[in-house]
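[1] Sequence below, structure please.
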Amino acid sequence: MPTYQKYRCQGSFPLRQLVEESCRPLASRLAAQAITTIIDVPADQMIVANRELLRRAVQNLMLGAIAAMPDGGSLVATSASGPNAVELEIADTGESLSDERLHHAFNPSVADNRGTTGWALAIVKQIAETHGGNATVVNCPEGGVAFTLRIPQPVDLEAAA
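    Model (predicted):
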């Protein structure tokens with residue numbers, strides 16, 4: 001697995017726009033599998049990150065969700081901003097993960113019970129950590145899985161004063 005350095009080419013951009021861009025190349029697969037996509041990310045929510053790396057992480061999560069829903073379902077992207085971080089959640093209505101797989105979700109050598117390997121998730125975790133953040137996973141109460149990327153944001157010193 002590649003080791004990412006702390007990227008200096010970070011910029012501020014709308015998070016919703018990045019999520020929408022991540023969906024575009026997957027549109028035909030989503031339609032073919034009858035997967036509904038819901039993007040509940042405010043249009044004005046900005047994030048400071050390396051755009052290309054974050055797009056790759058989001059696409060990896062979306063590809064995993066697609067693999068988990070061969071007979072259709074919903075892929076939902078939601079976000080929240082706090083004073084020091086932005087959280088982006090990618091959830092699906094596919095099969096939940098076993099307790100063992102939840103514990104090892106980001107391990108590249110472990111396959112899950114949904115038919116995917118941990119390599120894509122290990123890359124997601126590495127990208128989050130490169131930004132000083134983290135990636136987490138939980139089973140949804142109604143079924144499916146939710147992955148959350150937490151990306152710390154620079155503190156606006158003028159606003160804090």
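
[2] only C-alpha atoms for contact and neighbour calcs from this point on.
    OK.

[3] right, and residue 93 touches residue 144 too?
    Yes. Between residue 93 and residue 144 there is a contact under CA atoms under 8 Å: 4.1 Å.

[4] ok, and the helix or strand in this protein with the lowest average confidence?
    Here the helix or strand of the chain ranked lowest by mean pLDDT, DSSP states H and E is helix 157-160, holding a mean of 48.

[5] and the longest helix for this protein?
    Identified as the longest helix of the chain according to DSSP state H is helix 51-68.

[6] so what secondary structure elements neighbour the very next helix or strand once past it?
    Next along the chain after helix 51-68, taking DSSP states H and E as the criterion, comes strand 73-81. With contacts defined as 3 or more CA pairs under 8 Å, 6 or more residues apart in numbering; DSSP states H and E, strand 73-81 has these neighbours: strand 35-40, helix 51-68, strand 85-92.

[7] Mind listing what's buried along strand 73-81?
    73, 74, 75, 76, 77, 78, 79, 81 (16 or more other CA atoms under 10 Å).
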